Structures are given as C-alpha cells and as structure tokens.
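*Asks:* Build the 3D model from these lines:
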Amino acid sequence: MIPESVARRRPGTQPTEGQVATIVADLGALDVDAASLPALSAVSMACAAAQARIAVRLAAAATEQAAPTTGQPEAFISVKEAAVRLAVGPQWIYRRQAHLPFLRRIGARGLRVSARALDRYLATRRSL
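*Replies:* Residues are numbered from 1 along each chain as shown. Have a look, this model is predicted:
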C-alpha cells in the first residue's frame, strides 16, 4: 500500500512541517512485503524524484546564503571564464542555465556570471 499522505499530495503544493513529518512517518511504516511491485515501483520513483528536488533545494539554499556585503557592486565574469573555473564547456552552462544559481540575465539575451555566487557554488560543491 502507498502511504495515504504520499498518495493524496498534489504536486506544486507546499507541505507544512507537520505534513512533512507525517509523510516521513508513513514512509517509515510502509509494509514493503505486503505492497504490490507496481506500487513499490511508483513509491520508489516518487522518492527518487523527491530526493533530487530536495538536493537541489538544499544546494541552492546553501549557495544563496548571504555572504557579508561589502557595499561594492557585484562583479561579473563571462560564461567562458566561468566554464574554465568549473572545468566544463560553455555549452554545459547554457544548457543548465535555469538551474545554476550564479547566472544573471543581462538584457533579453545576455548572460553573465556573478563571481561571488560562483565562488559560493564551488565551495558547496567541493564540500559535497
């Protein structure tokens, strides 16, 4: 059986702390031996998707934590320079631009990289 708290959740709605605790408890109480294979497969896929979303949220929160502000304007570097620092190609950055927290849109088509945000991103990646 799929836990009721998991089955009734609607995608895109924000759970409260109590609802999260209930979901965690229901998953812990899941009777794996009694559940059908299709139901277990669905739960496994939902958990894997949730795990990926949680990891992205935690990484973004760690990256976005405010660094001490010096009152100086934000310094930007090009995508090409950022690609060198990340040891990837520029196309890797362009393909993932919706998910990279250090990118800043300049005008309709321009894309720049916040040097400070990139440093925080790299620091969190090294610690993982």
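
*Asks:* Tell me which helix or strand the residue lying farthest from the centre of the chain sits in.
*Replies:* In the chain, the residue that sits farthest from the middle, by CA atoms, centre = their mean, is residue 34; the gap is 33.1 Å. Counting by DSSP states H and E, there is no helix or strand that carries residue 34.

*Asks:* residue contacts, residue 32?
*Replies:* residue 40 (CB atoms under 8 Å, 6 or more residues apart in numbering). The C-beta positions use only the backbone N, C-alpha and C, and glycine is treated the same way.

*Asks:* residues contacting the residue nearest to the spatial centre of the chain?
*Replies:* Centroid check for the chain by CA atoms, centre = their mean gives residue 56 as the closest residue, at 1.3 Å. Applying CB under 8 Å, 6+ apart to residue 56 gives the contacts residue 99.

*Asks:* Now the phi/psi pair for residue 105, please.
*Replies:* Main-chain torsions, residue 105, degrees, to the nearest 10: phi -80, psi 130.

*Asks:* tell me the contacts of it?
*Replies:* Residue 105 neighbours (CB under 8 Å, 6+ apart): residue 111.

*Asks:* Could you list the buried residues of stretch 111-126?
*Replies:* If you call a residue buried by 16 or more other CB atoms under 10 Å, then stretch 111-126 has these buried ones: 111, 112, 113, 114, 116, 117, 118, 120, 121, 124.

*Asks:* isn't the last one right up against residue 61?
*Replies:* No - contact status for residue 124 versus residue 61: not in contact, 9.7 Å apart, counting by CB atoms under 8 Å.
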